[in-house]
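Participant: Give the three-dimensional model of this entry:
(2 chains)
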Amino acid sequence: MDLERLDPFTWRVPVGTVEGMRVPGIVYGSEAIVRAAVDDRAFLQVAAVATLPGIVRASYAMPDVHWGYGFAIGGVAAFDPDEGVVSPGGVGFDIACGVRLLRSDLAWSKDVAARVGELARSLGREIPRGTGTGGRLPVAGRDLDRVLREGVRYPLARGIGLEGDEERCEDRGVAPDALPEAVSERARSRGARQLGSLGSGNHFLEVQVVDRVLDARAAAAFGLAEDQVCVMIHSGSRGLGHQVCTDHVAAMDRLAPSLGIRVPDRQLACAPLGHEAAERYLGAMHAAANFARANRHVLADGARRAFEEVFRRSAQALGLTLVYDVSHNLAKLEEHEVDGRRRRVCVHRKGATRAFGPGHPDLPEPYRAIGQPVLVPGSMGTASWVLVALPTAADRSFGSTCHGAGRAMSRTQAKRRQRGADLARDLEARGIALAPANLGLLSEEAPYAYKDVDEVVRACEGAGLSRPVARLRPVAVVKG
Amino acid sequence: MDAERGHRPIEHTADVGIAAWGPDAAAAIEEAAAGLVELVGGCCERVEGVRRVELAGRDLAAAAVGLLNELVYLRDAEGLGFGRVRVRPRPDGLEAEVETGPPRAGAAGLEVKAATLHGLVLEPGEHGAELRVFLDV
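Facilitator: Predicted coordinates:
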């Protein structure tokens, strides 16, 4: 398919690529990234999203874009509250999947290098992972309702976590519009015992070392310095969020004939904003987002316990504090400038990270002058990144940027290339301690199955979305 | 597709799909269910019970996705393994009998979050009927 190049990092999917497009598609990426992805079906999915009613300005794709289901992964779309829709497929099954980063006062070379194996084993004991596992904090009944309504404030109220953790979370750890009563009994029964578990697939907990600082001022504001040891957690809303999406996609698909909305892919099933089906979905989605935030919070507590066990000092004494926690699968009502005036729009980010630039009132006070930290998990064995949102992101992508490296190879291809046990040996030979739940599935997440995360980060900067602050390399990987 | 009924995985960049076929729609849906159970490593050690489920949907394809999501739910929420799945189409969807039991020890597979409506096709095929469905993993 033909994309029009608008500048070195911006490409247009013209109206007409898919019948019924109301706006163009805009893809951000270097020539190498776009050429490599052109055979993927992702750009057709970007075009399909552009057919949805009330879409504002364009259907966007971030540089880590790849084929998803309904929306492309890396897709961003904003909808007018009066004429637009909400689509559960524009958020995804893993509602509020996201990343949490802890920093520490520990230096890799002096404090941790000699004990990383011990640390990986301790993390392996503390972090429930893999399929079918229960979490660190199973909840039910009223306690689950509180998680759905209060997000990270629930575990904090039970003494889990450190004072001030919530201040460095998106929305201060609590989505205000959660509607626990819109979360079905099935979703509750699926997720209740999983609170505080990592899951499987591309989810991970890694001990990482800051190996390069590229923006000293932002790094200082985020509390990061070279040789420092950090912990990155990538997980989401577990079975509860998956079931919320399943329930509401099915409901909206059934409603489609009566709503008169035709979509080119049924996974784009949607309902007009303001319709009861849309409001119930948004309320349930926010409740699932609170579950996801509490889940990462409880996992972080497990990481702190492991560090305490190995280093015989409290998490506070180790300086294991939160840098930020941000989701990359969410739909939110936000205020943006469109055609010269401020408007409320419903921004869907499916595999894309919110990126609010300096001065945004929703940012925690310590970061307001610098801009929002953006946490980009790399593939296992390569780098992860901390970025900072650029002011231009507001206009270019409704304040959004990439969420990871982005897959480049199917799971079958990845497994065919190398056995999990061989990959584990390779990683360990490179000094990366591993605690996998399932060696057989490990190679599905091999570094070679993903795009070059450094190239993705460069493209985000070139496109004016975010700027690199620090590069982090993994030294211990806990995988589901 | 040389057997009268069967299933095979479909490549997808991030996820995985199943192509299933059989002499009629019910057989194709049963094959898709068998394909899902294989992917998640969800066979049961022995059959201890049968769950009867009724699934409505906008059409039979959507009900088939509903059935796959029922299996995902039973595995995730109740930790069940599965034996045979038998399907009977109805005017408003389908009904199914799902053999259940404890999951086979040591079986490992993908964590499937859900069956999706993306690229969903249930149509006449070479052997009678063909179903294509993608799963989010």
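
Participant: Can you show me the helices along chain A?
Facilitator: For chain A, the helices defined by DSSP state H occupy A:31-37, A:42-49, A:116-126, A:141-150, A:153-157, A:185-191, A:216-222, A:238-259, A:276-311, A:393-397, A:411-417, A:420-429, A:439-442, A:453-462.

Participant: buried residues in the fifth one?
Facilitator: Going back to what we said before, that points to helix A:153-157. Residues A:153-156 are the ones in helix A:153-157 that count as buried (16 or more other Cβ atoms under 10 Å in any protein chain shown). From N, CA and C alone the C-beta is placed, and that goes for glycine too.

Participant: right, so of the helices of chain A, which gets closest to residue B:131?
Facilitator: With Cβ to Cβ as the criterion, residue B:131 lies closest to helix A:238-259 of the helices of chain A, at 16.2 Å.

Participant: what about that closest one, average pLDDT?
Facilitator: For helix A:238-259, the mean pLDDT works out to 96.

Participant: And for stretch A:2-15?
Facilitator: pLDDT averaged over stretch A:2-15 gives 96.

Participant: Report the buried residues of that stretch.
Facilitator: Using 16+ other Cβ under 10 Å as the test for burial, stretch A:2-15 gives A:3, A:9-13, A:15.

Participant: Which of those residues fall in strands?
Facilitator: Judged by DSSP state E, strands contain the following of these: A:10-13.

Participant: Of the buried residues of stretch A:2-15, just say which sits nearest to residue A:188.
Facilitator: The shortest gap between residue A:188 and any of these belongs to residue A:13, at 39.9 Å (Cβ to Cβ).

Participant: quick one on the thing from earlier: show me which of the buried residues of helix A:153-157 is closest to chain B.
Facilitator: Closest approach between the buried residues of helix A:153-157 and chain B, by Cβ to the nearest Cβ: residue A:154, at 21.4 Å.

Participant: contacting residues for the residue nearest the centre of chain B?
Facilitator: Ranked by distance to the mean C-alpha position of chain B (Cα atoms, centre = their mean), the top residue is residue B:33 at 1.9 Å. If a contact means Cβ atoms under 8 Å, 6 or more residues apart in numbering or on different chains, then residue B:33 has B:67-68, B:71, B:82, B:85, B:87, B:96, B:98 as its contacts.

Participant: Could you do residue A:250 as well?
Facilitator: Counted by Cβ under 8 Å, 6+ apart, residue A:250 has contacts B:57, B:62, B:65-66, B:69.

Participant: Below-threshold pLDDT in chain B: ranges please.
Facilitator: B:1-2 (pLDDT under 70).

Participant: show me where it has helices.
Facilitator: Using DSSP H, the helices assigned to chain B run over residues B:25-39, B:60-78.

Participant: Show the contacting residues for the closest residue to residue A:95 other than its chain neighbours.
Facilitator: In this structure, residue A:95 finds its nearest non-sequential neighbour in residue A:241, 3.7 Å apart by Cβ to Cβ, 6 or more residues apart in numbering or on different chains. Counting by Cβ under 8 Å, 6+ apart, residue A:241 touches A:93-97, A:187, A:191, A:288-289, A:291-292.

Participant: change it to 6 Å
Facilitator: Each residue near residue A:241 by Cβ atoms under 6 Å, 6 or more residues apart in numbering or on different chains is listed here: A:94-95, A:288.

Participant: Residue A:303 now?
Facilitator: residue A:231.

Participant: again, only this time at 10 Å
Facilitator: Residues near residue A:303 by Cβ atoms under 10 Å, 6 or more residues apart in numbering or on different chains: A:100, A:102, A:119, A:122-123, A:126-127, A:205-207, A:231-233, A:315, A:320, A:478.

Participant: ok so, going back, between the contacts of residue A:250, which sits nearest residue A:413?
Facilitator: Nearest to residue A:413, judged by Cβ to Cβ, of the contacts of residue A:250 is residue B:65 at 25.5 Å.

Participant: Now do stretch A:42-58, average pLDDT.
Facilitator: Average pLDDT, stretch A:42-58: 97.

Participant: quick one: it near chain B?
Facilitator: Yes: interface with chain B: stretch A:42-58 contributes A:42, A:45 (Cβ under 10 Å from any Cβ of the partner chain).

Participant: just how off-centre is that stretch within its chain?
Facilitator: Relative to its chain's centre, stretch A:42-58 lies at 21 Å (Cα atoms, centre = their mean, to the nearest Å).

Participant: what about it, how long is it end to end?
Facilitator: Terminal residues of stretch A:42-58 lie 15 Å apart, using Cα to Cα, to the nearest Å.

Participant: again with stretch A:192-211
Facilitator: Using Cα to Cα, the end-to-end distance of stretch A:192-211 comes to 38 Å.

Participant: Flag every buried residue along it.
Facilitator: So, applying 16+ other Cβ under 10 Å, buried residues of stretch A:192-211: A:192-210.
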